[in-house]
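Student: okay, sequence plus prediction incoming.
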Number of protein chains: 4
Amino acid sequence: MIKVTVYNEFLHEKKSEKVRQIYPDGIHAAIAAFLGEEEDISVRTATLDMEECGLTQEVIDDTDVIIWWGHIAHEKVPDEVAERVRKAVWNGMGAIFLHSAHFSKPFRALTGSPCNLCWRESADSERIWVIEPNHPIAKGLDRFFDIPAVETYGEPFGIPTPDRIVFMGWYSGGEVFRSGITYERYNGRIFYFQPGHESFPIFYQKEIQTVIKNAVRWAYNPSRRSTAAPWVIKTDDPSKYVKK
Amino acid sequence: MIKVTVYNEFLHEKKSEKVRQIYPDGIHAAIAAFLGEEEDISVRTATLDMEECGLTQEVIDDTDVIIWWGHIAHEKVPDEVAERVRKAVWNGMGAIFLHSAHFSKPFRALTGSPCNLCWRESADSERIWVIEPNHPIAKGLDRFFDIPAVETYGEPFGIPTPDRIVFMGWYSGGEVFRSGITYERYNGRIFYFQPGHESFPIFYQKEIQTVIKNAVRWAYNPSRRSTAAPWVIKTDDPSKYVKK
Amino acid sequence: MIKVTVYNEFLHEKKSEKVRQIYPDGIHAAIAAFLGEEEDISVRTATLDMEECGLTQEVIDDTDVIIWWGHIAHEKVPDEVAERVRKAVWNGMGAIFLHSAHFSKPFRALTGSPCNLCWRESADSERIWVIEPNHPIAKGLDRFFDIPAVETYGEPFGIPTPDRIVFMGWYSGGEVFRSGITYERYNGRIFYFQPGHESFPIFYQKEIQTVIKNAVRWAYNPSRRSTAAPWVIKTDDPSKYVKK
Amino acid sequence: MIKVTVYNEFLHEKKSEKVRQIYPDGIHAAIAAFLGEEEDISVRTATLDMEECGLTQEVIDDTDVIIWWGHIAHEKVPDEVAERVRKAVWNGMGAIFLHSAHFSKPFRALTGSPCNLCWRESADSERIWVIEPNHPIAKGLDRFFDIPAVETYGEPFGIPTPDRIVFMGWYSGGEVFRSGITYERYNGRIFYFQPGHESFPIFYQKEIQTVIKNAVRWAYNPSRRSTAAPWVIKTDDPSKYVKK
């Protein structure tokens, strides 16, 4: 059983009637709903208004893969929580960052990069092209799929060269974007996925759900909790050297 | 002075009145013309109908950067010529492959990959996005530029993960393509660039010329001819081991 | 069940009494023996003296992962057989190249590189360091392990930058070598592993067997035979364009 | 003229008579001395005891390449100074991290990784092998060179897969280490180099000086100060989106 925690700042849904109509219980609930239907996945959710954002050390220690949605309140996530997430990734927790989470504290800290990009409010359509047909995250997809309406992101995207570009986005308004990319950081796998603007029902689209389910299984590291093997260097406190 | 050899199979221009009107002296002549205006570049050309495709060992030994345009006669290039080019790249010759040259013998041999792609005859426009604004090949370009009419290529492109994706192509018909990519193979640098279909006057466009000039300078390895240093392993004949 | 074919040129064992004492039935038989004990692996072997090296199209089509050992007879493998192997890798067959197989026709064709290196006949010990403790090929290994006697390989190794360096070799005589490296080529995964000289009983060592078993499971692509999905571009004949 | 700033925490030299005998004016002075002899390089130094570590915004804005030596006082560098260095690298400043600087705040922030490693106090010799003979940082070096006495570092090194491994270290005591590695982060180039323990006269060794001089020229980005071009996304404040 893969234990997934879906974090959502859960603000747009409260402030905007339009967003609330799309995601009445929040984006996290919509994601948890389709993940929860999978036999090998168990889901919990966490939101900014919970204590420690719902991401206490106990929750993180019990999470195999975290999914992160944030947009207007990146700075409200305490540094300690963001660093807790980063260290957990180093130790093997998978992490999936959606849409505006490119500017979340954990993603920026894990990439070491500005993560800047261009953007445009629009209702462009986005065509997601599969660049790596054999990648586990692309499993079950056709050569491409279309999202009727998205917010447009554009290059240059200020990130380290990804390990793999699984998906490239084509926008009807003329932009391209590295819409689905992977990294590894020590023992942890990371996937960033561009679609997911709060104003459109993107997380109800079947292909989007397929990508996220695939990503959960790809990011899952079954040996995470056996890292006490003698040759494993403790990463919890990188400020200490480790003697052989 | 960077010594450039422009190879062109030079067949479309002879067969098609339409192509001949665009490139009356051949694509190679058009490329040589704008490169020849540069003070630090000297150019010669080679075509399929010349002896050994104009790419004798003497010519290759005297070439710093080769530019390759081929489309319908890849198989007519003798294996020995293709292998000569590949070995020269290993030894430090730069190589720039244009448009359909993704299927040329040297490019396929250097990448070790099928180099397959999807394509569509069209007069789509292509928007070339700069993904790596700081890359030498993107010098002097704005954030993107448009080509009014091209032949459309589409992903998946069957290549090894490139070292760098400098340009991504957006097509008005809905495709994306890794349109400008780099590799290194031993001592040699390689650049593939998607635009360049024979039916359109692409090589007269200023930005295209900028890209190719930049690529020549980037691919040029000034130490190529000093490879006799004692620690350099001879690559001319990889079938022989080399003793210390 | 993962179907493995172990190819060995099987010449040293016939020519040298010393080698025959170590591998009386050939290196391929030694490898097949320990792989055959695994419940999820079935093994067959192939040797140079068989028709088409034992690697007919039927055998290759029925192989999930090929293991390749060759040293003094690389050139005796017909080009058609080597190309058949390469195309199968493109289509998803895994490939493991052992020791001198860095100079085999398929490995050189898949990397597009000279694959040159330095070497020294020795009985140096080699210490294999795990660089990526979380990589599936390193599973079950301690921080390093020692091989009492090997042939020494040295850098520079004329290969493309690997996707991952899983193991680095330290030799008692003073060399280092990228001893365990991975690549992907289209749908296929490739692992090269340095140890395996014919004069030493290396394939009987437990850690070596662990590495090879891990590599078989890592290189196995379970979706290889379902590549008829509509978006999959046929790679069997890269000289033909493929229409959408 | 390339403007280099050499930062050194400058503590060992004050506390230890042994270190002071080797570097009476500090490690920074020794590095500045050999760099200052180069016609194309101008050097200044900065130390922890200076205001803002000697790395004010004015100094950083006037620096093309920073060299960083730190060991026991990483945490004493204020977060603001470390972040100022990181942003400057994003904007095109080169950065060279020496020895224990793998644990410096800027290096850890730029890599996004724990940067842990194993270590052993020793007087092992280290043999630095050139893995990429054609890389500009290896220019003028033979196939390898030896350092008579070093502190030993060992894998696994908790870093992202480097862009290039230029040097591998072989230690007489049995370890290997990725001793010379490169990264790019947005517009900036980064080089980490393992040798440089304070107890040994390593920075007086000719080959070490060659590596550092080469690295300065490689990391230098001449277009850093022209980043006001319209397509450049401001990276100074990644918390703000940038409109087209």
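Tutor: Sure thing, it's come through.
Student: give the full set of residues in contact with the nearest residue to A:Phe10 once chain neighbours are set aside.
Tutor: With sequence-adjacent residues excluded and distances taken as CB to CB, 6 or more residues apart in numbering or on different chains, A:Phe10 is closest to A:Thr47, at 4.1 Å. Heads up, the C-betas are built off the backbone N, CA and C, glycines and all. Counting by CB atoms under 8 Å, 6 or more residues apart in numbering or on different chains, A:Thr47 touches A:Tyr7, A:Asn8, A:Glu9, A:Phe10, A:Gly26, A:His28, A:Cys53, A:Gly54.
Student: in helices, which of the residues you listed appear?
Tutor: Among those, the members found in helices (DSSP state H) are A:His28.
Student: for A:Phe167, list each beta-bridge partner.
Tutor: When bridges are called by DSSP bridges, A:Phe167 pairs up with A:Val130, A:Gly180.
Student: show me what contacts it?
Tutor: A:Ile128, A:Trp129, A:Val130, A:Ile131, A:Ala138, A:Ser179, A:Gly180, A:Ile181, A:Phe193, A:Gln194, A:Val211.
Student: JSON lines for those, including pLDDT?
Tutor: Below are the contacts of A:Phe167 laid out as JSON lines (pLDDT from 0 to 100):
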{"residue": "A:Ile128", "pLDDT": "97"}
{"residue": "A:Trp129", "pLDDT": "95"}
{"residue": "A:Val130", "pLDDT": "94"}
{"residue": "A:Ile131", "pLDDT": "94"}
{"residue": "A:Ala138", "pLDDT": "95"}
{"residue": "A:Ser179", "pLDDT": "98"}
{"residue": "A:Gly180", "pLDDT": "98"}
{"residue": "A:Ile181", "pLDDT": "98"}
{"residue": "A:Phe193", "pLDDT": "98"}
{"residue": "A:Gln194", "pLDDT": "98"}
{"residue": "A:Val211", "pLDDT": "98"}
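Student: can you select the buried ones among the residues you listed for me in PyMOL?
Tutor: Those of the contacts of A:Phe167 that count as buried under 16 or more other CB atoms under 10 Å in any protein chain shown are selected in PyMOL with:
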select buried, chain A and resi 128+129+130+131+138+179+180+181+193+194+211
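Student: ok so A:Phe107 is a helix residue?
Tutor: Yes. Counting by DSSP: H, G, I helix; E, B strand; the rest coil, A:Phe107 falls inside a helix.
Student: now do the contacts for it.
Tutor: A:Trp68, A:Ala95, A:Phe97, A:Ala101, A:Cys115, A:Ile190, A:Tyr192.
Student: can you do 6 Å?
Tutor: With contact taken as CB atoms under 6 Å, 6 or more residues apart in numbering or on different chains, A:Phe107 is in contact with A:Phe97, A:Ala101.
Student: helices of chain A, start to end?
Tutor: Under DSSP H, chain A gives helices at A:12-15, A:17-22, A:27-36, A:57-61, A:79-90, A:105-111, A:206-219.
Student: give me the buried positions along the shortest one.
Tutor: In this case it means helix A:12-15. Result for helix A:12-15 [16+ other CB under 10 Å]: buried residues A:His12, A:Glu13.
Student: check which helices and strands that helix sits against.
Tutor: helix A:17-22 (3 or more CB pairs under 6 Å, 6 or more residues apart in numbering or on different chains; DSSP states H and E).
Student: so what touches the helix it packs on?
Tutor: Counting by CB under 6 Å, 6+ apart, A:His12, A:Glu13, A:Glu198, A:Pro201 sit against helix A:17-22.
Student: excluding chain neighbours, what is closest to A:Ala32?
Tutor: A:Val43 (4.4 Å).
Student: was I right to think the one you found contacts A:Leu35?
Tutor: Yes. If you go by CB atoms under 6 Å, A:Val43 and A:Leu35 touch, sitting 4.8 Å apart.
Student: hey, which of the helices of chain A is tucked in deepest?
Tutor: Compared across the helices of chain A, helix A:105-111 shows the largest average neighbour count, a mean of 25 (mean count of other CB atoms under 10 Å in any protein chain shown).
Student: convert the C-alpha atoms of that one to CSV, please.
Tutor: This file holds the C-alpha atoms of helix A:105-111, laid out as CSV (Å, rounded to 0.1, in the frame of the first residue of the first chain):
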residue,chain,number,x,y,z
LYS,A,105,9.4,26.3,-0.9
PRO,A,106,10.2,22.6,-1.1
PHE,A,107,10.4,22.5,-4.9
ARG,A,108,12.7,25.5,-5.0
ALA,A,109,14.8,24.1,-2.2
LEU,A,110,15.1,20.7,-3.9
THR,A,111,16.1,22.1,-7.3
